[in-house]
Every structure is written in structure tokens, then in C-alpha cells.
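Engineer: This is a predicted model, with the sequence first.
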Amino acid sequence: MLSPRSPQAKQRGEMRGPENPLLLFLAVAALAAGEASAAAATTLTASPAKLSPSDREIKIRWSGLPAPDGLDYVAIYSPPSSRDRDFIGYLFLNGSESWRDGSGELSLPRLPTLRGPYQFRLFRWPANEYSYHHIDHDHNPLPHGKHRVAVSNEVSVGDPARPQQVHLAFADGVDEMRVLFVCGDAGKRVVRYGLQKEDEKEWKEVGTDVSTYELKHMCDWPANSTVAWRDPGFVFDGLMEGLEPGRRYFYKVGSDTGGWSETYSFISRDSEANETIAFLFGDMGTYIPYNTYIRTQAESLSTVKWILRDIEALGDKPAFISHIGDISYARGYSWVWDHFFSQIEPIAANTPYHVCIGNHEYDWPLQPWKPWWATYGKDGGGECGIPYSVKFRMPGNSILPTGNGGPDTRNLYYSFDSGVVHFVYMSTETNFGQGSEQYNFIKADLEKVNRTRTPFVVFQGHRPMYTSSNEVRDTGMRQQMLQHLEPLLVAHNVTLALWGHVHRYERFCPIKNFQCLNTSSSFQYPGAPVHLVIGMGGQDWQPIWQPRPDHTDVPIFPQPEGSMYRGGEFGYTRLVATREKLTVTYVGNHDGQVHDMVEIFSGLVSSNNGVAEAVDGTKLSTGVSAKRKISPLYLEIGGSVVFALLLGFGFGFLVRRKKEAAQWTPVRNEES
């Protein structure tokens, strides 16, 4: 240890600043005077002061800033009572072309209502003051909220009393539809709905349940800190009942005193429908239009955009959305959830939006259930499943206590029928071993599926059972899934198993115990599910593909035999099923086009009276025979079309593989 009088210590003292108290006082006073002078000369305004429904952006303008620096920034606050250090985000002034002149303008797209106004504050950030002890998710220095120069007026975005973040979900009854939304107070709100948009007098009205959660319910940092916490508002839950099957209903939510939402619509569920349409993905996340404490997912905007395109093209055909874990990536920063629900509202207010829990909703070392093979890090940001459990309500009633007095963790596992497909959701984050409540639910659920009514079964969870990603830390979990769950999926003829977590697309062959039963992209169900990894919804951090000993120097490791297609592009999947065939296509975000496809035939056909019949004629790719009455002319035309499609598909496949190999850049591993 250095002596206080040593030359080295003196040198360090000189580097820290003047040792004379008078000199130190004068230096601080001069700095304060300089900041006061700059503050007096600098103006900061934000407009409009109150955003109307048609206003799509906020303009932030400043002028009179002396000696501007590239690290000067505007910080964003809501509510305005927040301390300088408790901003929700920031923008550097150098985003404006004229910033070097001491004046400029920045634009923000419309921000979500956070139950209070926004305010903006301009700060200096001297380069010698940024520190790697205060960093964001990407290990970049964060502003410290010192040297404030100017404060803007307040900006009001929407009315906190009016419903926001509207989203639908199937309920337990086939003639029901659930709607959830957020308001700034717990006053009475209702749901009104009916078949005729222009005749609201004939609409039914139902009440709502209301719930919320508090800072004390968050289980750890940062979720329970003043930096990350914001009032989440109150979540209202209304159940529309007595719906006629397959009809378009119109609805709105709110109250006469607090205000109403706009009018939305949806297609009610039809248990006798002979077609099923769904849009499925995992790991989408949220776009945030400013810098904040965590990395956010700009690609999620494209995913929502293309799905909205597809939904609008359906017209009056029903569909639903499936988001299998890692929902908003809030990581404990509560306003990210507000951004997420505002982002999905254009699709989720008109189409049921279904979720299952992922590591970024649930995981934390203090969670009550943790077997030896669990891989809980701090991915949940101290939320421990509470926002996820309150903001969504899925069918069923699966519950796990949080252990800290907060609301129970919900929406863990459930199932429902949609047309000709039975869908099952599981939680990979909680106990699924033999004898557990979840295992018993899955087993009993699969045993009672009516394969005449729903010839296809789709199973979904977050962490994958099969993947060629180098996800080493999940090896123990995958072994448990193969031991406990795969026998159930095979024994009960599950058609398709969908997983997220790995932020890429990968299609496996129909597989059991790592053995392929078919390597085609079009076949009759051979006795084991096709596994798809569909975690390409928006998150960009990704482990590299699993290395192979004989190709350790190749950036794209060769695919194992069971992996039929791997894609590095963001996107989603579309599922379309009839009684005869289930088709899944992988749609890429850069062009909205199909990049991969698999067709699975049920072995059933629909007769004229709508009853499913067994097929025992036409040969499919498995060699299983089936019989259909098709004229020779149709056979000739159909054969030509199929040959052309296969030729084009094969050529496109080779081109895409070549392009992927040329463009791949390994991305570092996200998981802790």
C-alpha cells in the first residue's frame, strides 16, 4: 500500500484534483457558474404539448447551447417527477445535422402512454466523465444524469384513463373470446360487442376483472429498483360469451367516464371449421426508438408488419398468433412492456395472441423450483414471471407460486382446438418431469385428443428439444426433455413440435431418438413429429451452430443429417391446415417471401358430407399408399406442376444455401 506522503500518492492526488480546499471550492463554483450560464442561454422545447390521436411523432428542439460536444444528450423521463438519473432513455444531440451550431431538432415516433406525461432534459457529458462502471446491456457507458442544462415542457401522450394495449386471447369455451387492456386507474370498465358495427344499441355488455402488481412484488434488481420501475397501471380482463361460430364481431372497451377504445373486430372460433391458420414465432422482443439500458429488437417491427399484411389478406378467415416465449425482453425495465403491447396492438386487438413462458419472463436464481439440470441465470431481470402472468391470460389455470408474496406465475401450460388442429403449450422453465403436474397435464391432454375432429397436433414450448445450435448450457435440459417428453410426443402421434430460444430458423426431419424417419419436405405422417426452431422473431443475439470435429475452421458448421433447413433471417412461420394436409412456411422479414416449407399429410380426406375418411391409395414420399379418385388429365397436369415446383424449389434452396454461407457472420452468445 502506498504511503499518503509518497511521491506516487502525491501524483495520484494531483490527478484527482486540487488538495487545497479553497481551490477545490473555487473549481466547483466555477463549474457550477458555467453550467448555470449555459442553462440560462439554452432553450429546449418539445411539441406538440398534447398529442392528438393523429399525431405520430414528437419534435424536440434546442438552441443556444454553447460549445456543443458529441456526447451531449437529451434524456427522456416519465413521469416528470423522476430524478435526473432515472431516465427511461436518451438521444445524442449529434443525431441532428446542425448540432455543431448549438441548435437542432430530433424526432421521436409516438411513444406509449405511461400513465403520466413525458419530459425531456438536456445534459452535458464530458468525455472524461464517462465510466465503464455504469454500463448498458452491451457494455457501453451510460449517461450519469449530471450537468443538466435545460428542461423541456411536459408532453402528454394520450389519456391514461382511456384503454390502451388491447389484446385478445381464446378462452376455455369455444364460444368465448377474452380481451385484456390497460388503464391508469382501477375504475369500472366494460366490454361491448356485437355482430353489426353500426348498431351498437344491440351490442351486449360484460364487466371486467381488474388486477395489477407493485414494486414490492418484483423479486430482484433491476425490476425492483427506482431506475427500472414504473407504474404498470391496471390490467382489465373481459370475457365475451355466447359467440356464434365463425362470425365477425365488433367490440370496444372502456367506459363513458374514462373514455372508450376505438372499435376493433375479430372472427369467433368455429370448432367445426375445416381449416386452421396461425402465425407462429418466438423471441420477438420490442423496438424502442431511443437508447436505453438494454438492447432492444428493431427487427420486431418487420415481423409485426408482415403478419399484419397476412392477416389483412385473409379477409373473414379466422387465424391466431402464437409467440412461444421471450416476449418483450423487458429484463426488468417495466416501460418496455408498454412499448411491446403498443407495438402488437394492431394485430393483437383483432387476432387472438397466444404466448408461453420463456427464460426472459421467468428465470432468476431465487425461483422456487430449480432442479440440478435447470439453467436459470438472471434473464428475467428480477421480474420472476409476474408482469407476464398479469398482462396475459391464457386458457386453463396452470399456476405456480412465486414464493415472494407476489402474484402467482400463470399461463404455464394449456391447450385448445382451432379448426382441425389441437395446440398444446408447455413451460420449459418449470417442472415437466414424470409425475409433475405439468407432465400429467400433457399426458392426459394428448390421450383425449379427438383425431377425427383434429387430425393434427402441434406442441409448443420455449427451449428446444432438438437444435444444432451450440447451446451447451441447455444440454442437461434437452436430455430431460428427450427422456420425459419425447416418448409422449411419439406415442400420441404429435405432428409438429415448435420451439424458440435459439434465434434462428431450423427445420428437422420427423425424428425420434435422433433418428430421421423421412428426409423429404412433403410426406404422410411417419410416426414422429417434425421439430421446428422458430426463434427468429426479432432478437439478434445468437449462439453459433454446433461445431463438428472435422470442420472446426468452417464458419457455418455443416448441418447434421436430421437438420433439413437452417436460416439466419428474421421472420415468422405460417401454418395452414385442412383435414388432409398441414403446411408450414418460413417467411423472411427482408422480403416477406417464403424461404422454406414442409407439408405433412394426415392420411385422411374429407368426403362430401364433411366426415374424415382414411386414405389407402396415392403414394406420398414415405411410400405409404393412398387412394384418391383423380382423372388422368388432372394427374398429368398435377404431375407437371409438382415437377416444376420441385425443380424451382431445389434451385432456390441451393442458391439460398450458397448465399447464407457467403454472408454468415458469427454473433456472440446472449445467454448468461
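Structural biologist: Sure, I can see it.
Engineer: I'd assumed residue 458 was in contact with residue 493.
Structural biologist: No: using Cβ atoms under 8 Å, residue 493 is not in contact with residue 458, being 11.9 Å away. (Glycine included, C-beta is placed from N, CA and C.)
Engineer: Specify which residue of these two has the higher count of neighbours.
Structural biologist: More crowded of residue 493 and residue 458, by other Cβ atoms under 10 Å: residue 458, with 27 against 17.
Engineer: partners of the helix or strand containing the more buried one, with directions?
Structural biologist: Per DSSP states H and E, residue 458 falls inside strand 456-460. Paired strands of strand 456-460, with direction, are strand 421-425 (parallel), strand 496-499 (parallel) (DSSP bridges).
Engineer: ok, and which of the ones you listed has the densest surroundings?
Structural biologist: Each of those was scored by mean neighbour count; the highest is strand 496-499, a mean of 26, by mean count of other Cβ atoms under 10 Å.
Engineer: Averaged pLDDT, it. What do you get?
Structural biologist: What strand 496-499 shows for mean pLDDT is 98.
Engineer: mind checking how far that strand is from the chain centre?
Structural biologist: Put simply, strand 496-499 sits 17 Å off its chain's centre (Cα atoms, centre = their mean, to the nearest Å).
Engineer: Neighbouring strands - and their directions - for the helix or strand just after that strand?
Structural biologist: Per DSSP H and E, the first helix or strand lying C-terminal to strand 496-499 is strand 505-512. On the basis of DSSP bridges, the sheet neighbours of strand 505-512 come out as strand 515-516 (antiparallel), strand 530-534 (antiparallel), strand 563-567 (antiparallel).
Engineer: buried sites along strand 505-512?
Structural biologist: Across strand 505-512, burial judged by 16 or more other Cβ atoms under 10 Å covers 505, 506, 507, 508, 509, 510, 511, 512.
Engineer: residues touching the second one, list them.
Structural biologist: This means residue 506. 467, 468, 469, 532, 533, 563, 565, 566, 567 (Cβ atoms under 8 Å, 6 or more residues apart in numbering).
Engineer: Got phi/psi on the third one?
Structural biologist: Dihedral pair for residue 469: phi -70, psi 150, per degrees, to the nearest 10.
Engineer: which residues touch the nearest residue to it once chain neighbours are set aside?
Structural biologist: Excluding the flanking residues, the one nearest residue 469 by Cβ to Cβ, 6 or more residues apart in numbering is residue 502, at 4.3 Å. Neighbouring residues of residue 502 by Cβ under 8 Å, 6+ apart: 464, 467, 469, 471, 533, 535, 542, 543.
Engineer: do that again at 10 Å, thanks
Structural biologist: Taking Cβ atoms under 10 Å, 6 or more residues apart in numbering, we find residue 502 in contact with 282-283, 463-464, 467-471, 474, 533-536, 542-543, 545.
Engineer: What does the pLDDT read for it?
Structural biologist: pLDDT, read off for residue 502, is 95.
Engineer: ok, it to residue 531 distance?
Structural biologist: 12 Å (Cβ to Cβ, to the nearest Å).
Engineer: Same question for residue 432.
Structural biologist: 16 Å.
Engineer: before we move on, what about residue 276?
Structural biologist: Going from residue 276 to residue 531 by Cβ to Cβ gives 20 Å.
Engineer: Could you do residue 540 as well?
Structural biologist: 23 Å.
Engineer: before we move on, the earlier item: residue 260 is nearest to which of the strands paired with strand 456-460?
Structural biologist: Residue 260 lies closest to strand 421-425 among the strands paired with strand 456-460, at 32.2 Å (Cβ to Cβ).
Engineer: just how off-centre is the helix or strand just after that closest one within its chain?
Structural biologist: Where DSSP H and E defines the elements, the next helix or strand beyond strand 421-425 is helix 437-447. A distance of 26 Å separates the centroid of the chain from that of helix 437-447, by Cα atoms, centre = their mean.
Engineer: how many degrees apart are helix 437-447 and strand 456-460 in direction?
Structural biologist: Comparing the axes of helix 437-447 and strand 456-460 via axes from the mean of the first three to the mean of the last three Cα atoms, to 10 degrees yields an angle of 170 degrees.
Engineer: contacts for helix 437-447?
Structural biologist: Under the contact criterion Cβ under 10 Å, 6+ apart, helix 437-447 has outside partners 396, 398-400, 412-415, 422, 424-428, 430-434, 436, 457, 459, 461, 484-485, 487-489, 491-494.
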